[in-house]
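Asker: Pasting the sequence and the predicted coordinates here, then a few questions.
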Amino acid sequence: MSQFLEDVLKGLSAKEKYLQSKYFYDANGDKLFQRIMASKEYYPTKCEMEIFAQQTNELVAVLTGQSKEFDIVELGAGDATKSIHLLKGLLDNQVSFTYFPVDISANVIDLLHYELPKKLPALKLQGLNGEYFKMLEKAKTLPDKIKVVLFLGSNIGNVPLEKAGEFSTSLRAHLKPGDLVLIGFDLKKDPKTILDAYNDSSGFTRDFNLNLLLRINKELQGNFNLDNFYHYPTYDPATGATKSYIVSKVEQQVSIGEKTFGFAKGEPIFMEISQKYTVEQTDELAKQTGFELIHHFYDSKKWFLDAIWRCV
Ligand SMILES: C[S@@+](CC[C@H](N)C(=O)[O-])C[C@H]1O[C@@H](n2cnc3c(N)ncnc32)[C@H](O)[C@@H]1O
């Protein structure tokens, strides 16, 4: 049984049904995520892009101030449109490094291998297709240089707050003293601004969520009728958690291969969390999990934080 099938059956058999957001990213999901990022409501990409495009020299200076030679491992690289500014800045400064983008989507890794050499011919590139920690294990067999791990886009927000410590501890355990992490956090702000970003008026976020049901239909012989479900995003300003659900409009049965799942009218499937942070929470996370804070980079609105942490 494939891992995808096993995870889907487990999630839909749970008392409170859920699906794992890492499965959003098939070729269609990758395209929809690009549309979300380009939508007027989705501010995180624009804020982080501003940091990477406008503070490239400062980013290069802070990283090279820590180490003259390193390799870059980017977790969940996506289309690398932000990191490309940093990669170019490092090449322009004659820093010698190899870029290892990690992504669970094979489509993403293929695209990066196709696109990046056209944009940055001098870039040494080796894509790693797989899960974050499995690929970090693999990265341990690479030449023993300082590693700079990029974890952008507030991907850490996809881990619930109570599990972020565990995630960050695992990340630290895969690295060694002196290694660096450049990690993006979406900061708490006006709740309406946040909710709108996960409920764009063009419906890309809705389609992105529903696309996982389509993917199950295509790859796992499912029979979800998409007309019988709707997308329901929420934001709780007290906890900072944005959550996406898909809700069943009617009482219905859905089959996946041999298995059948019953849905009550109004029953939700939990799809994804996107946790928002205060700066203090991010500093505390670093301190509690074996990192030392080196630098904070903010966009001009102070809506987004890219922190540089060093492994102690
Ligand atoms: C929200 S996108 C962000 C992309 C990019 N970092 C950015 O900031 O624009 C998340 C990316 O991480 C990848 N991803 C999600 N979960 C993953 C996992 N567990 N292991 C490896 N890659 C993962 C997805 O395929 C997707 O390309």
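Answerer: Perfect, thanks for sending it.
Asker: need the contact list for residue 170.
Answerer: Residues in contact with residue 170 (Cβ atoms under 8 Å, 6 or more residues apart in numbering) are residue 133. Placement of C-beta: from N, CA and C, glycine included.
Asker: And it, how far from the ligand?
Answerer: As judged by Cβ to the nearest ligand atom, to the nearest Å, residue 170 and the ligand stand 12 Å apart.
Asker: mind checking the SS state of that residue?
Answerer: Three-state call for residue 170 (DSSP: H, G, I helix; E, B strand; the rest coil): helix.
Asker: Which secondary structure elements does the top helix by length along the chain sit against?
Answerer: Criterion DSSP state H: the longest helix present in the chain is helix 204-220. Packed against helix 204-220, as judged by 3 or more Cβ pairs under 8 Å, 6 or more residues apart in numbering; DSSP states H and E, are the following elements: helix 3-13, helix 27-38, strand 229-236, strand 241-248, strand 268-275.
Asker: The next helix or strand after the last one vs strand 268-275, what angle?
Answerer: Going back to what we said before, that points to strand 268-275. Downstream of strand 268-275, the first helix or strand assigned by DSSP states H and E is helix 279-288. Counting by axes from the mean of the first three to the mean of the last three Cα atoms, to 10 degrees, helix 279-288 lies at 80 degrees to strand 268-275.
Asker: What is helix 279-288 packed up against?
Answerer: helix 161-173, strand 291-298, strand 304-311.
Asker: Flag every buried residue along the longest helix of the chain.
Answerer: By neighbour count on 16 or more other Cβ atoms under 10 Å, the buried set for helix 204-220 is 204-217, 220.
Asker: Which one of the helices and strands packed on helix 204-220 lies nearest to the ligand?
Answerer: Set against the ligand and scored by Cβ to the nearest ligand atom, the helices and strands packed on helix 204-220 come closest in helix 27-38, at 5.8 Å.
Asker: Output that closest one as PDB, restricted to C-alpha atoms.
Answerer: This file holds the C-alpha atoms of helix 27-38, laid out as PDB (Å, rounded to 0.1, in the frame of the first residue of the first chain):
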ATOM      1  CA  ALA A  27       1.300  19.100 -10.600                       C
ATOM      2  CA  ASN A  28      -2.200  20.800 -10.400                       C
ATOM      3  CA  GLY A  29      -1.700  21.700  -6.700                       C
ATOM      4  CA  ASP A  30       1.700  23.300  -7.500                       C
ATOM      5  CA  LYS A  31       0.000  25.400 -10.200                       C
ATOM      6  CA  LEU A  32      -2.800  26.400  -7.900                       C
ATOM      7  CA  PHE A  33      -0.400  27.300  -5.100                       C
ATOM      8  CA  GLN A  34       1.400  29.700  -7.600                       C
ATOM      9  CA  ARG A  35      -2.000  31.300  -8.200                       C
ATOM     10  CA  ILE A  36      -2.600  31.700  -4.500                       C
ATOM     11  CA  MET A  37       0.800  33.300  -4.100                       C
ATOM     12  CA  ALA A  38      -0.100  35.800  -6.900                       C
END
